[in-house]
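[1] below are the sequence and a predicted model; questions follow.
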Amino acid sequence: MSDAMLEIRNLRKSFPIRNAFGRQTGEVKAVDNVSFAVEKGQVYGLAGESGSGKSTIARMIMGLEQPDSGEILIGGESLSRSSRGHAQMVFQNPGSSLNPRRTVGQSVAVPLDAHRFSGDRRKRISELLEMVQLPVNFAERYPHELSGGQKQRVAIARALAVEPKLLVLDEPTSALDVSVQAKVIELLADLGRRMELTYLFISHDLSLMRNFARTVGVLYRGQIVETGNVGTVFANPSHDYTRLLLASVPVISKEEEAMRPKIPLIDGEIPTAEKLLALRDADQMQNQERG
Ligand SMILES: Nc1ncnc2c1ncn2[C@@H]1O[C@H](COP(=O)(O)OP(=O)(O)O)[C@@H](O)[C@H]1O
Ligand SMILES: [Mg+2]
């Protein structure tokens, strides 16, 4: 037995594609035979562009979506009604994941009540707010009084309230200003080290991924096309898609600029992997024609 905190085995999930009349015309393999494991106390990063299946995996881990087949084990236990709560999730949009009519304190207390917390609630709420570096008197505030970064700190406090075995972070900073993103990641990393938390960190932002995750799995159209130590994978990507994904990462140092594949922006946009692959194919064809 490994000491994996999260183990995913041959997970599959398809969704029907329907036409305007509601008739099924096909299906999309959102998650297509995905397997990976996350050891206790580690950060595993799931990278991949929009639509690659990241959130569907997260939702199945949380029991919000049923897999078509495959297995999910948390702390060695198969996902079941009794193991719900072993994993907690932080969503992309802190605005919509907090109830606007609840105070911060009430929001943070929701999982405490759900898990029949029997200790001193006020004390626990204060502790949790301190953990995420918010003033204790924020317990009386409402979400609209907080900034995006502060709201996400509340969402993190709420996720930590019942000491989950696993924290699933689905693009936790992508709705935040760049300057705030790094601070939230820093907080998560610090909490992770201090409390030995296990994270599944989902992001399309590879520079954040590089700073936070130890192991990365690169998802492309529902499949993990590459996996390994984050430094190794990004320094020497073996899959075309990973190379292309890296091509759109903002450059930090001269060394990184030198490593960056030279692919032009199409219409000034950050190109999708599909556009990039098409571009590369066109390039190769031209080279062949030139002989
Ligand atoms: N509830 C759903 N019904 C139909 N299609 C869905 C549903 N959820 C996700 N999908 C489809 O599954 C694929 C993967 O989506 P998702 O997991 O949200 O990707 P990501 O989080 O990487 O952007 C996409 O093609 C998306 O349109
Ligand atoms: Mg998503």
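    Here it is on my side, so go on. Ligands and ions are numbered 1, 2, ... in the order given.

[2] what pLDDT does the model give the residue in the stretch 51-200 of the chain that ligand 2 sits nearest to?
    Residue nearest to ligand 2 within the stretch 51-200 of the chain (Cβ to the ion): S55, separated by 3.2 Å. The way it works is simple: take the backbone N, C-alpha and C, and place the C-beta from them, glycine included. Looking at S55, its pLDDT reads 95.

[3] for the protein, give me the ranges with low pLDDT.
    When residues are selected by pLDDT under 70, those of the chain lie in 1-2, 81-84, 248-291.

[4] need the residues of it near ligand 1, please.
    15, 28, 30, 48, 50-56 (Cβ under 6 Å from any ligand atom).

[5] am I right that the residue of the stretch 51-200 of the chain closest to ligand 2 is in contact with D170?
    Yes - using Cβ atoms under 8 Å, S55 is in contact with D170, at 5.7 Å.

[6] what do those two both touch?
    Taking Cβ atoms under 8 Å, 6 or more residues apart in numbering as the criterion, S55 and D170 both touch I202.

[7] just the buried members of the residues of the chain next to ligand 1?
    Applying 16 or more other Cβ atoms under 10 Å to these, the neighbour count classes 28, 30, 48, 52-56 as buried.

[8] out of these, which is nearest to P100?
    The nearest member of these to P100, counting by Cβ to Cβ, is S55 at 23.0 Å.

[9] chain center to stretch 64-79: distance?
    17 Å (Cα atoms, centre = their mean, to the nearest Å).

[10] quick one: buried residues of that stretch?
    Residues of stretch 64-79 classed as buried under the neighbour-count rule (16+ other Cβ under 10 Å) are 65, 67, 70, 72-75, 79.

[11] what of stretch 142-149?
    Neighbour counts over stretch 142-149 (16+ other Cβ under 10 Å) mark 143, 146, 148-149 as buried.

[12] out of these, which two sit at the greatest distance?
    Across these, no pair lies farther apart than P143 and G149, at 12.6 Å, counting by Cβ to Cβ.

[13] residues in contact with G41?
    5, 192, 196-198.

[14] most neighbours, which of the residues you listed?
    Among the contacts of G41, the one with the most neighbours (other Cβ atoms under 10 Å) is M5, at 25 neighbours.

[15] skipping its backbone neighbours, what lies nearest that one in space?
    T198 (4.1 Å; Cβ to Cβ, 6 or more residues apart in numbering).

[16] the buried residues of stretch 142-149 also near ligand 2: which ones?
    Applying Cβ under 5 Å from the ion, the subset of those adjacent to ligand 2 is empty.

[17] between the residues you listed, which is closest to ligand 1?
    Nearest to ligand 1 among the buried residues of stretch 142-149 is G148, at 19.9 Å by Cβ to the nearest ligand atom.

[18] so P67 sits in a strand?
    No - applying DSSP: H, G, I helix; E, B strand; the rest coil, one finds P67 to be coil, outside a strand.

[19] please enumerate the strands of the stretch 1-150 of the chain.
    Secondary structure of the stretch 1-150 of the chain (DSSP state E, counting those that start in this stretch): strands at 4-18, 24-39, 43-47, 69-74, 77-78, 87-90.

[20] now check the last one, is it near ligand 2?
    In this case it means strand 87-90. No - residues of strand 87-90 are not located near ligand 2 by Cβ under 5 Å from the ion, the shortest gap being 11.8 Å.

[21] which helices and strands does that strand pack with?
    Applying 3 or more Cβ pairs under 8 Å, 6 or more residues apart in numbering; DSSP states H and E, one finds that strand 87-90 makes contact with helix 148-160, strand 166-170.

[22] contacts for that strand next, please.
    6, 58, 61-62, 74, 97, 111, 152, 155-156, 158-160, 162, 164-170, 172.

[23] which residues in the chain form helices?
    Assigned by DSSP state H, the chain shows helices spanning 54-61, 94-97, 104-114, 121-131, 148-160, 178-195, 206-212, 230-235, 240-247, 254-259, 273-290.

[24] report the buried residues of the fourth one.
    Judged by neighbour count using 16+ other Cβ under 10 Å, the buried positions of helix 121-131 are 124-129, 131.
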